[in-house]
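Visitor: What shape does this take:
(one chain, ligands or ions: 2)
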Amino acid sequence: MVFYKTDEEIEKIRASCLLVCKALTEVAKALKPGVTGLELDAIAEQLIRDAGAVPGFKGYNGFPATLCISRNECVVHGIPDDQPFVEGEIASIDCGVLMNGYFGDAAYTFALAPVKEEILHLLVDTKISLRKAIEQAQVGKRLGDIGYAVQTYCEREHSYGVVRELVGHGIGRNLHESPEVPNYGKRGRGLKLQKGLVIAIEPMINLGRKGVKQAADGWTIVTKDAKPSAHYEHTVAISNGHADVLSDHGPIEEAIKINPALQEITIKN
Ligand code: MG
Ligand code: MG
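Guide: Ligands and ions are numbered 1, 2, ... in the order given. Next up is the predicted model:
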């Protein structure tokens, strides 16, 4: 069942999403070689609890942490550990919070300088695909238009692998609600987008082939060919005209700009 949200509910989801982005901004300030995922996780959890909210992932189906930290060939659902970050790595960091009864969800893939040119292009292109998906997220379009936009740009125009097994999702009182929001699809197919629909759009794009598998820890999803994977996520509310983007990568990117250990992921207009 799809739940359409009132304006009041959308503002609550926005507040949760902005708290997620605040946590990711603190992560962006702290991330550098030598730091561990567990340290970042502690920073994010503290910030969320200080705000009177609850980490959205911790305990969800038994997930043990506040952040999903998925490095290099890890696609999503990586568990923060004590392995220090090193130069040249990438890491998708995904965060959810529950505040005032509503979830927020966003993710950003960071690059620890210096990252190989082809990997930097993967990050930029994945971000562009998210933007193209959001452009389709408006009243009158269908879910298939969103997936088609990501798939066409990433697969047809850039020969990346578009992950099939994991998808975006509705969000609200639950972290994962209907509908599923795949990063592939056919134009004009699927659920018609209506005002009040709130969805997390999250392209997961592989430098190599699309195949993924689950790692031995029972959580982490990794690429079968062990090539790197990128992941950016926004939560958006459908309205007439351009979607209302409830999460905000802006402060995260401001923090990246002043952190010499991180490389900027800049879309050229
Ligand atoms: Mg997420
Ligand atoms: Mg999500």
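
Visitor: which SS state does the residue in the stretch 1-150 of the chain positioned nearest to ligand 2 fall under?
Guide: Closest to ligand 2 within the stretch 1-150 of the chain is residue 105: 4.2 Å, counting by CB to the ion. The C-beta positions use only the backbone N, C-alpha and C, and glycine is treated the same way. Here residue 105 is recorded as strand under DSSP: H, G, I helix; E, B strand; the rest coil.

Visitor: neighbours around it, how many?
Guide: 27 (other CB atoms under 10 Å).

Visitor: quick one, strands of the stretch 101-250 of the chain?
Guide: 102-111, 161-162, 168-170, 177-181, 198-201, 204-206, 212-214, 221-223, 229-231, 234-237, 244-245 (DSSP state E, counting those that start in this stretch).

Visitor: Put together TSV for those, with distance to residue 121 and mean pLDDT on each row.
Guide: Shown next, in TSV, are these (distance: least, CB to CB, whole Å; pLDDT from 0 to 100):
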stretch	distance to residue 121	mean pLDDT
strand 102-111	11	98
strand 161-162	14	98
strand 168-170	23	98
strand 177-181	24	98
strand 198-201	21	98
strand 204-206	11	98
strand 212-214	20	98
strand 221-223	17	98
strand 229-231	10	98
strand 234-237	21	98
strand 244-245	24	98
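
Visitor: which stretch among those strands comes nearest residue 257?
Guide: Among those, the nearest to residue 257 by CB to CB is strand 102-111 (12.5 Å).

Visitor: just the residues of the stretch 101-250 of the chain that are near ligand 1, which are they?
Guide: 105, 107, 233 (CB under 5 Å from the ion).

Visitor: thought the last one was touching residue 201?
Guide: Right, residue 233. Yes: contact between residue 233 and residue 201 holds when scored by CB atoms under 8 Å: they sit 6.8 Å apart.

Visitor: Give me the common contacts of those two.
Guide: 130, 168 (CB atoms under 8 Å, 6 or more residues apart in numbering).

Visitor: So if I had to pick from these two, which one is more boxed in?
Guide: Neighbour totals were compared for residue 233 and residue 201, and residue 201 leads with 27 against 24 (other CB under 10 Å).

Visitor: For that one, which residues are in contact?
Guide: 130, 133-134, 137, 146, 168, 181, 233-236.

Visitor: ok, so of the residues you listed, who is nearest ligand 1?
Guide: Using CB to the ion, the contacts of residue 201 come closest to ligand 1 at residue 233, 4.7 Å.
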